[in-house]
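J.: Sequence first, predicted coordinates after that:
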Amino acid sequence: MRRIFTGLLAGVVACFISCDKTEEGNKWFSTPQYVVNGTTVAMSCQTQFGPGVLSASNAGFSYAPVVDGGVVEFKKASGVTVDGSTLHATLSGLAPQTVYVAYAYADLGAGQMQSVGISFQTGEGGSLPEPDPEKPAFGTPWASDVTASSAMLNCGFTFEEATSSYTLCFEYRPVSGGSYTQKSVPSGTGSKSVLLTGLSASTEYEFRLCCEWDGESYTSDSGRFTTSASQGGGDPLPSGPTKYSGWAELPVEVANSDYYYAYHICSDFRVDDHPARNYTVCYSAEHHCPVWVAAPLHDCYVGRSGNRNYGPDPDIPYSIQPSSKTVDDPYNKGHMLGNKERSKTSGMNKQVSYYTNMAPQHEITFNTGGGAWNNLEDYIDGLWCKDTLYMVSGCLFDTWTDTYGNTAAPKRTGFGGVQASVPTAFYYVLLRTKNGETNNSVFQCSASDLQCVGFILSHALPKGHKPQRADMRSVKEIEEMTGFTFFANVPNAPKDTYDPKDWGL
């Protein structure tokens, strides 16, 4: 529910703005936006401040109830987050059915600047609707934690039928049009939430909670939210050839009806006040296998969480994925981005346990201890640096013969109820700073300060093979083999050359 109060309230808002001895920064602040859900209000405000300004300043929201025509003492919102140039906060525990006024502010040291004031009215206490004896009952849908590429959808739901008799999902799409995308949520009475990722920046979306029961569809009212303008959670480049120009690891998407893309954001891990990206996958419907997975590698993602909660990728059609983790002998499930590389939180670890991050690999000779790919993975773990190492790991599906004369031919194997292709070769392409401790973004580095390389291994390599110079290629050579363009967001990346000594070989 969103309501703008005029008349008397307009005077109240104007009064609290004029009585506050601060500079009104309308040219720096957009009008704050809000979504009311009972006694909880999600606030956001886009600004014109440059990268890092809000994070380095005391910025946030102030709010106060209007009682008997007057404004009670203002409070500052807690838990304020910054996504590039946008402020976010959730006001909770507010008085029910009460008018509030609020504004955004930034204390830049020389004085406080603030937005125009806005007003809203809270709803009734409690977010769950009263049960309806004849059909599902829905609360007011609302969005929270909105960034340039992700948003959390929320809605209260009450239904007294058996949970096995109906299904629930959120549907969302751009307001400009197109078909709805669905994200399933568990059945049962309660507050329903789901995290959306891979959204387009600066785009208004509409969404609703849907219930399918007894052959009928029931839906909540529609809610709306607008993603922020920053690219990739505050990344520095304004535009580029990939979906998120600030993600150095991203290949350019290929227009191919066989390929499905998913951009996974960590739901429980943040970097620089915005949700951290986890990894991106290009998945093949024909091969039931990832074509490539791209990710940043850094110690900040490493901890002790390893739930290995295997399951389907919610952002890729279930019908083209395996339905279980079982792989027919002599193969097992090979992670493209490893479990250990995403062990900081349970949420990020669950995402690397999606079936779309796994390809069939020969269990004895290739994947487990002493296997050729396992040895290469361990070797690359030793190439991490204080600056980030960016990687893409991918698969080839045509007959492949390596420099040692090992040939792998196309074949299929059972993987969770589908016949998945067994890749004939696996490759890595890598990018990092040469020094490794520059504290600079790769976008700011010259070609002489960067190093790139590719590694490619035949799936027919014998057990015990360790990384060698003969396994190395330039990134340009891997591009020619695969047809993909790597590290397109980093124009200075030296993709046509490599020095084995830079990589310890």
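T.: Cool, got the structure.

J.: would you list every one of the strands in the stretch 151-300 of the chain?
T.: Taking DSSP state E, counting those that start in this stretch as the criterion, the stretch 151-300 of the chain contains strands spanning 151-158, 166-174, 181-185, 190-196, 204-213, 216-219, 223-226, 259-271, 274-284, 289-297.

J.: possible to save these as JSON lines with mean neighbour count, mean pLDDT and distance to Thr326?
T.: (Glycine included, C-beta is placed from N, CA and C.) JSON lines is the format used below for the strands of the stretch 151-300 of the chain (neighbours: other CB atoms under 10 Å; pLDDT from 0 to 100; distance: least, CB to CB, whole Å):
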{"stretch": "strand 151-158", "mean neighbour count": "23", "mean pLDDT": "85", "distance to Thr326": "32"}
{"stretch": "strand 166-174", "mean neighbour count": "18", "mean pLDDT": "94", "distance to Thr326": "25"}
{"stretch": "strand 181-185", "mean neighbour count": "15", "mean pLDDT": "89", "distance to Thr326": "22"}
{"stretch": "strand 190-196", "mean neighbour count": "18", "mean pLDDT": "80", "distance to Thr326": "27"}
{"stretch": "strand 204-213", "mean neighbour count": "19", "mean pLDDT": "93", "distance to Thr326": "29"}
{"stretch": "strand 216-219", "mean neighbour count": "12", "mean pLDDT": "94", "distance to Thr326": "34"}
{"stretch": "strand 223-226", "mean neighbour count": "21", "mean pLDDT": "85", "distance to Thr326": "39"}
{"stretch": "strand 259-271", "mean neighbour count": "20", "mean pLDDT": "87", "distance to Thr326": "22"}
{"stretch": "strand 274-284", "mean neighbour count": "24", "mean pLDDT": "91", "distance to Thr326": "19"}
{"stretch": "strand 289-297", "mean neighbour count": "24", "mean pLDDT": "97", "distance to Thr326": "15"}
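
J.: possible to save those strands as a markdown table with distance to Ala493?
T.: As requested, these are exported to a markdown table (distance: least, CB to CB, whole Å):
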| stretch | distance to Ala493 |
| --- | --- |
| strand 151-158 | 31 |
| strand 166-174 | 32 |
| strand 181-185 | 33 |
| strand 190-196 | 31 |
| strand 204-213 | 33 |
| strand 216-219 | 47 |
| strand 223-226 | 33 |
| strand 259-271 | 21 |
| strand 274-284 | 17 |
| strand 289-297 | 14 |
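
J.: Relative to Glu363, which of those strands is closest?
T.: The closest of these to Glu363 is strand 289-297. By CB to CB, the value is 16.3 Å.

J.: between the closest one and strand 259-271, how big is the angle?
T.: Between the direction of strand 289-297 and that of strand 259-271, the angle (axes from the mean of the first three to the mean of the last three CA atoms, to 10 degrees) works out to 20 degrees.

J.: Check which helices and strands strand 289-297 sits against.
T.: For strand 289-297, the contact count by 3 or more CB pairs under 8 Å, 6 or more residues apart in numbering; DSSP states H and E identifies strand 274-284, strand 358-362, strand 389-396 as packing neighbours.

J.: run the last query once more with 6 Å
T.: Packing partners of strand 289-297 (3 or more CB pairs under 6 Å, 6 or more residues apart in numbering; DSSP states H and E): strand 274-284, strand 389-396.

J.: Quick one: closest of the strands of the stretch 151-300 of the chain to Val82.
T.: Of the strands of the stretch 151-300 of the chain, nearest to Val82 by CB to CB is strand 274-284, at 7.2 Å.

J.: Just give me how far the closest one sits from the chain centre.
T.: On the basis of CA atoms, centre = their mean, to the nearest Å, the separation between the geometric centre of strand 274-284 and that of its chain is 6 Å.

J.: That strand to strand 259-271, inter-axis angle?
T.: 160 degrees.

J.: Report the contact partners of the spatially most central residue of the chain.
T.: In the chain, the C-alpha closest to the average C-alpha coordinate belongs to Ile265, at a distance of 2.0 Å (CA atoms, centre = their mean). Shown here is Ile265, whose contacts under the criterion CB atoms under 6 Å, 6 or more residues apart in numbering are Ser150, Thr197, Pro275, Arg277.
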